[in-house]
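**Student:** Predicted model and sequence below, questions to follow.
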Amino acid sequence: MAHTYYDFFAGGGMAGIGLGRDWSCLFANDIDEKKAESFRTNHPDGDVLLRQDVARVTPQDLPGQADLVWASFPCQDLSVAGKRAGLAGKRSGMFKPFWSLMEDLHAEGRGPKLIALENVCGAITSNGGRDFATLANAFAGLGYRFGAVVVDAAHFLPQSRPRFFMIGLRRDLNVPEHIQSDAPHPTWHSRALIEGRNLLGRNAAKHWTWWNLPIPPARNSGLADVIEDDPMGVRWHSAAETSHLIGLMTPHNLAKLDAAKATGGRVVGTVYRRTRTDAQGQRRQRAEIRFDDIAGCLRTPSGGSSRQTVIVVEGDQVRSRLLAPREAAALMGLPRDYILPTRYNDAYRLAGDGVAVPVVRHLAQSLFEPVLRRNRLSLVA
């Protein structure tokens, strides 16, 4: 029997790909036309997507009763790169109408067994932790046993992408002992998350649990395995363009480049352009490079964020170019046959706004599915 789910703020359907073939999507929602098109093109249940503002979605739009509700609600107001308006912001504030739907489902006796929220780690500290408390109180208010984890996609993919997941289980469910712990684990529970938990009020704290996830096997691929010599959708920079990029580097970053040249072999890295304040207090654009065989966190090419640049060093030869759309998709764990938007910015935005596929699979395999199996067995017994 397939597990069922609703997918809110669904984007290109990465959460569903991560959940896998044993999951059936009953309903999906997103407001973005390009992402909705990608969802419908790539998802076996593509026709379930309703392209509409979540504030206009009603319980009548939601068929049946889902085992899981997944919601990757907008992060712009919670990100350290944004203005930090938090849940009061226009974009991240979409959590409120979403949660109103969860309350309506419970009132109708259709409350989902599990609810999983995904967002940037800034959600933990936004507004001095008050936004984190708001999320916690929402779960506690519906009686969910809940907890949170921080999972970095770098456990599974060559991309640095830590994300915050708050996961709640309905109060009537039996919970397998192995998915809970009496204390936080350093791999999954950051210092900020522990501090956020300690600041919760009595009622929310009463419903809190420390989710216990297994440590995944060591990742066996690196950035160099993803980067293509002849990519589609981008061109290699001219020598002058690469020279200009190198000219934006500080002595510290130039030293990294020199060390890569000194190896004499092929070394692949990435570069982000950032605005920094120099010793004279002037704001200047800088190129910051990394050669740890991991890409920087993918961001969307809007709102002032730069697109990630690939740099390949082979002895004294240095080449650079933008990260290709298919490479961005690979860094999110999307399969090679996933059909990307044709325009570069649309494809890059779809990837940068998404959730890493193997992270969702790990949560499903380690937490969601054991809970659902345990409770189906209980019903049969």
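**Tutor:** Thanks, I have the structure now.
**Student:** From now on I want contacts and neighbour counts done on CA atoms only, so please keep to that.
**Tutor:** Fine.
**Student:** partner residues bridging the closest residue to F291 other than its chain neighbours?
**Tutor:** Nearest non-adjacent residue to F291, counting by CA to CA, 6 or more residues apart in numbering: G269, 4.6 Å away. Beta bridges link G269 to I311, judged by DSSP bridges.
**Student:** can you map out the strands along the stretch 201-350 of the chain?
**Tutor:** 210-211, 266-277, 283-290, 309-314, 317-322 (DSSP state E, counting those that start in this stretch).
**Student:** What pairs with the third one, parallel or antiparallel?
**Tutor:** Right, strand 283-290. strand 266-277 (antiparallel).
**Student:** next one: the first one
**Tutor:** Note on strand 210-211: by DSSP bridges, its sheet partners are strand 180-181 (antiparallel).
**Student:** just the last one next, same as before
**Tutor:** Strand pairing for strand 317-322, determined by DSSP bridges: strand 309-314 (antiparallel).
**Student:** picking up where we left off before, redo the strands of the stretch 201-350 of the chain as JSON lines? Include mean pLDDT, mean neighbour count and distance to A192.
**Tutor:** Listed next are the strands of the stretch 201-350 of the chain as JSON lines, based on pLDDT from 0 to 100; neighbours: other CA atoms under 10 Å; distance: least, CA to CA, whole Å:
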{"stretch": "strand 210-211", "mean pLDDT": "98", "mean neighbour count": "22", "distance to A192": "14"}
{"stretch": "strand 266-277", "mean pLDDT": "90", "mean neighbour count": "18", "distance to A192": "25"}
{"stretch": "strand 283-290", "mean pLDDT": "92", "mean neighbour count": "17", "distance to A192": "25"}
{"stretch": "strand 309-314", "mean pLDDT": "96", "mean neighbour count": "21", "distance to A192": "30"}
{"stretch": "strand 317-322", "mean pLDDT": "96", "mean neighbour count": "18", "distance to A192": "33"}
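**Student:** Using JSON lines, please lay out these together with distance to E177.
**Tutor:** JSON lines is the format used below for these (distance: least, CA to CA, whole Å):
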{"stretch": "strand 210-211", "distance to E177": "10"}
{"stretch": "strand 266-277", "distance to E177": "42"}
{"stretch": "strand 283-290", "distance to E177": "41"}
{"stretch": "strand 309-314", "distance to E177": "45"}
{"stretch": "strand 317-322", "distance to E177": "47"}
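**Student:** I'd like to know how far the residue nearest to F291 sits from I294.
**Tutor:** Going from G269 to I294 by CA to CA, to the nearest Å gives 8 Å.
**Student:** quick one: common contacting residues for these two?
**Tutor:** L223 (CA atoms under 8 Å, 6 or more residues apart in numbering).
**Student:** where does the stretch 251-381 of the chain have low pLDDT?
**Tutor:** 301-306, 377-381 (pLDDT under 70).
**Student:** Next one: P214 from D67, what distance?
**Tutor:** As judged by CA to CA, P214 and D67 stand 22 Å apart.
**Student:** Look at the two and report which has more neighbours.
**Tutor:** Neighbours per residue, other CA atoms under 10 Å: of P214 and D67, the larger number sits with D67, 21 against 14.
**Student:** Tell me if I'm right that that one and A116 touch.
**Tutor:** No - assessed by CA atoms under 8 Å, D67 is found out of contact with A116, at 11.0 Å.
**Student:** thinking again about what came up before, isn't the residue nearest to F291 right next to R290, touching?
**Tutor:** Yes - G269 is in contact with R290 according to CA under 8 Å; the separation is 5.5 Å.
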